[in-house]
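> Need a 3D model of the sequence below.
(chains A and B)
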Amino acid sequence: MPLYPHRHLLALQGLEPPYIAELLDLAESYALLNRGGKTQRDVLRGLTLINLFFEDSTRTRTSFELAGKRLGADVINMSVSTSSVNKGETLLDTASTLNAMKTDLLVIRHAQSGAPALLSQKVDAAVINAGDGTHEHPTQALLDALTIRRRKGTLENLTVAICGDVLHSRVARSNIHLLLAMNCRVRVVGPPTLLPSEVEALGVEVFHDMRAGIKDADVVMMLRLQKERMAGGLVPSAREFFRFYGLDGAKLKLAKPDAIVMHPGPMNRGVEIDSAVADDPARSVIGEQVEMGVAVRMAVLDILSQNSRRNAR
Amino acid sequence: MSTLLLDNARLVCPATGRDAPGRLLVQDGRIAGLDGSGAPEGATVLDCGGHVLAPGLIDLRATLGEPGHEHRETIESAAEAAAAGGITTLCALPDSEPALDDPAPLQFILRRGEMTGTLTILPYGAATRGCAGKEMTEFGLLREAGAVAFTDGTRAIADARTMRLALSYARAFGTFIVQHPEEPSLARNASATEGEMATRMGLPSVPAAAEAMMVARDIALARLTKGHVHFAHVSTSAALDLIRAAKAEGLRVTCDTAPPYFDLNETAIGDFRTYAKLSPPLRREEDRLSVIAALRDGTIDAIASDHQPRDADDKRVPFAQAEAGGAGLATLLGVTVARYHGGDLTLMRALELLTSAPARLLGLEAGRLAPGAPADLVLFAPDRGWKVEAGKLPGKAQNSPFDGRALEGKVLGTWKAGRRVFG
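I've put the predicted structure just below:
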């Protein structure tokens, strides 16, 4: 019987370490199974999983789709273009439609912070937040944590530098909550225009100098810089950003010799990360992150479906 | 000739400082006497049970929904909510559709208010055409038509030159400009106050300083023009410090606040509660405490409901997409009286902020218990408890930021010009 007590997975803020460990342990076992080639299981047989994506994300959607299929669920993808969903009634209309279809698991990606939380109040299905606005992206942080744990042998007491556009990053927020819960030392690194107000109140250290920020770090986690941030004047140019905040070999030398480099993808090579670093098998774990994504999502779907079945009884 | 004797009441009148047991006589819509001496035979006598009888509340700031947004609220439904809240006079914002930038729609509001028979509605004139912030409206003609003062409602008059001209020109007509104090370029797309809470929730936010910046600018313009600027729903410590200093300097600067800003702080938006999404957004606890201190020391002149009706479709959406605004008519008295129960204000001061102070600001004869004054009255039990429940509030708008709040201070009866309109 799972420990994880919630019906949904909406955020990592406030999630206790034992529940995080439980999700990661189960994900680890799925990772091993996947590597062993025994991918097909039937723990979700007879259940319907809908991927409801209001924002494009081939990577995350495919990862959830694979996870669901490997566990035997019937998986349906619904892409809803943002332009047709200017009014939120559509979101709640969608909720009632999904209820009528007797969906069991609902994965939602939405451009607005809090949209999955709103939907979770209106649907019978277990809701998994696959990224909402600039709020959270819980499964990304879990897959990052699993990757780190596999490489470092532990999640505890590591120094992790999260670099770049923290302001707009739901990945950063979820990672901050998770890593702090696991007693890591978390640094956020970026220009003041790309760091959220009072981010230090979350318990992180703030660095505007990337060299100081990644010095002696065990993990250097890069974030994607959206091109429109440059158009919006938050940074003057891509070349200036790369010079001061892009991860290249010279800057990476300041981190611990065995430091790993992470990126949630898709990468802007030459903007936030240099290709030589991104493709360095000794340092970059970006490929492994993608692999762990499927395992983590399998674990989340498994545990939430067990909770749903138990609640239904 | 109709005569009503309100017997066995605790008469509380901030305008005269009276707080004593007594009786109040009403004749032909006006207060005929206090203490009831000379009550004519045949007068209707009502036992007030020792509860507080005070002047009807004067609400400085409310949006009515009509014209243009009748699905949110109509004048009739707003009047129902106002009566239940003890409000007998209400100033309506002009940023309706169409905006009240011409005498005709303004007179329409006045007439519709009279038709309710329960509420005096005093419309603000739009300060600029279409409340668009560019060209000044005809202050003189609008004033003649009944405009109580001028504002662009929920929109800040952002252009400094336009504000300067408005403050200057308004002086000629003995009126003032009400400003929504928020620097709009900083507030663009924002739905929360910048800080830890907004960062955790991943919400677009506006720094609290956006309020003080606009207040500082407009104080400078008031000094320049000798005009009278009134700041609506002030919510931050920094803005209040500037207003306090401007008043000490002798400038014509006044302000109000609204119940959410002294009863709630930003934690009320947790779990993405859209009913607590307001404009300006809810602030930190330190700011809430500063608002209370300013209510006590007189920096804040009045409390307004800042009623902003919204319907379910406006609020049942993701937080950043939700419309800002909260319903406030029915809870105005109860939430204000909570500060009396909390020991922050005397009952006299709490009622002053809702009655005589706004009356003085607007130059009204209402807002006092005195012979000859209109018999606009509220009877309430300051200690009687009730719970705010969205869905069960009077009127159409149910979007109360106080949903679930237990309050003490229940309205038992409201009289408009001597006629009982609630209770």
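> what pLDDT does the closest residue to chain A within chain B get?
At 2.4 Å from chain A, B:V317 is the closest residue in chain B, using CB to the nearest CB. Yep, even glycine has a C-beta here, placed from its N, CA and C like the rest. On pLDDT, B:V317 comes in at 91.
> Any figure for the gap between it and B:T199?
Going from B:V317 to B:T199 by CB to CB, to the nearest Å gives 22 Å.
> Chain B against chain A: which residues are in contact?
Counting by CB under 8 Å from any CB of the partner chain, chain B comes close to chain A at B:194-196, B:198-205, B:207, B:271-272, B:313, B:316-322.
> and those residues, which of them are in strands?
B:S205 (DSSP state E).
> Buried only: go through the residues of chain B next to chain A for me.
The neighbour-count test (16 or more other CB atoms under 10 Å in any protein chain shown) marks B:194-196, B:198-205, B:207, B:272, B:316-322 as buried among these.
> Now do the helices in the stretch 151-300 of chain B.
Ranges of helices in the stretch 151-300 of chain B, per DSSP state H, counting those that start in this stretch, are B:160-171, B:184-187, B:196-201, B:209-225, B:237-249, B:260-263, B:285-297.
> Which one of the ones you listed lies nearest to A:D302?
helix B:196-201 (28.4 Å; CB to CB).
> what's the spacing between that closest one and its chain's center?
Between the centre of helix B:196-201 and the centre of its chain there are 29 Å (CA atoms, centre = their mean, to the nearest Å).
> what residues does it touch?
For helix B:196-201, contacts defined as CB atoms under 8 Å, 6 or more residues apart in numbering or on different chains pick out A:13, A:113-114, A:135, A:173, A:196-199, A:201-202, B:192, B:204-205, B:266-267, B:269-270, B:272, B:319.
> Using CSV, list the CA coordinates for that helix.
Presented in CSV, the C-alpha positions along helix B:196-201 are these (Å, rounded to 0.1, in the frame of the first residue of the first chain):
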residue,chain,number,x,y,z
GLU,B,196,7.6,35.3,-1.5
MET,B,197,3.9,34.4,-1.9
ALA,B,198,3.7,35.3,-5.6
THR,B,199,7.1,33.7,-6.2
ARG,B,200,5.9,30.4,-4.6
MET,B,201,2.7,30.4,-6.6
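> burial count for B:H69?
Neighbours of B:H69 under the rule other CB atoms under 10 Å in any protein chain shown: 17.
> Now do the SS call for it.
coil (DSSP: H, G, I helix; E, B strand; the rest coil).
> hang on, isn't it packed against B:D95?
No. Using CB atoms under 8 Å, B:H69 is not in contact with B:D95, being 10.4 Å away.
> Go through the helix or strand that contains A:Q306 and flag the buried ones.
In the assignment (DSSP states H and E), A:Q306 maps to helix A:286-312. Within helix A:286-312, the residues that count as buried by 16+ other CB under 10 Å are A:286, A:288-305, A:307-308.
> And for stretch A:36-49?
The neighbour-count check on stretch A:36-49 (16+ other CB under 10 Å) flags A:44, A:47-49 as buried.
> Just give me the closest of those residues to chain B.
Ranked by distance to chain B (CB to the nearest CB), these are led by A:L49 at 22.4 Å.
> which strands and helices sit next to the lowest-mean-pLDDT helix or strand in chain B?
One helix or strand of chain B scores below all others by mean pLDDT, DSSP states H and E: helix B:312-315, with a mean of 90. In terms of contacts (3 or more CB pairs under 8 Å, 6 or more residues apart in numbering or on different chains; DSSP states H and E), helix B:312-315 is packed against no helix or strand at all.
> can you give me the offset of that helix from its chain's centre?
Taking mean C-alpha positions (CA atoms, centre = their mean), helix B:312-315 and its chain are 23 Å apart.
> what sits against the residue lying closest to B:L186 once chain neighbours are set aside?
Nearest non-adjacent residue to B:L186, counting by CB to CB, 6 or more residues apart in numbering or on different chains: B:A210, 4.2 Å away. When contacts are counted by CB under 8 Å, 6+ apart, B:A210 touches B:182-183, B:186-187.
> Need the pLDDT of B:A210.
For B:A210, the model assigns a pLDDT of 98.
> mind showing which ranges of the stretch 251-400 of chain B have poor pLDDT?
Residue ranges of the stretch 251-400 of chain B with pLDDT under 70: none are present.
> Which stretches in it count as strands?
In the stretch 251-400 of chain B, the strands defined using DSSP state E, counting those that start in this stretch lie at B:253-257, B:302-303, B:377-387.
> Quick check on whatever residue of the stretch 201-313 of chain A ends up closest to chain B: phi, psi?
Minimum separation of the stretch 201-313 of chain A from chain B (CB to the nearest CB) falls at A:A201, amounting to 3.9 Å. A:A201 adopts backbone torsions of phi -70, psi -20, taken as degrees, to the nearest 10.
> chain center to stretch A:32-48, what's the gap?
How far stretch A:32-48 lies from its chain's middle: 22 Å, per CA atoms, centre = their mean.
> Now the terminal residues of that stretch, how far apart.
For stretch A:32-48, the first-to-last residue distance is 25 Å (CA to CA, to the nearest Å).
> quick one: contacts of it?
In contact with stretch A:32-48 (CB under 8 Å, 6+ apart) are residues A:68, A:70-76, A:101-105, A:291, A:294-295, A:298, A:301-302, A:305.
> avg pLDDT for that stretch?
Taken as a whole, stretch A:32-48 has an average pLDDT of 88.
> May I ask you to confirm that A:P196 is in contact with A:V166?
Yes. With contacts counted by CB under 8 Å, A:P196 reaches A:V166, the gap being 6.3 Å.
> For the two, list the residues in contact with both.
Jointly contacting A:P196 and A:V166 under the rule CB under 8 Å, 6+ apart is no residue at all.
> returning to what we had before: show me what the helix holding A:Q306 is packed against.
helix A:17-35, helix A:58-70, strand A:105-110, strand A:126-132, helix A:138-152, strand A:260-262.
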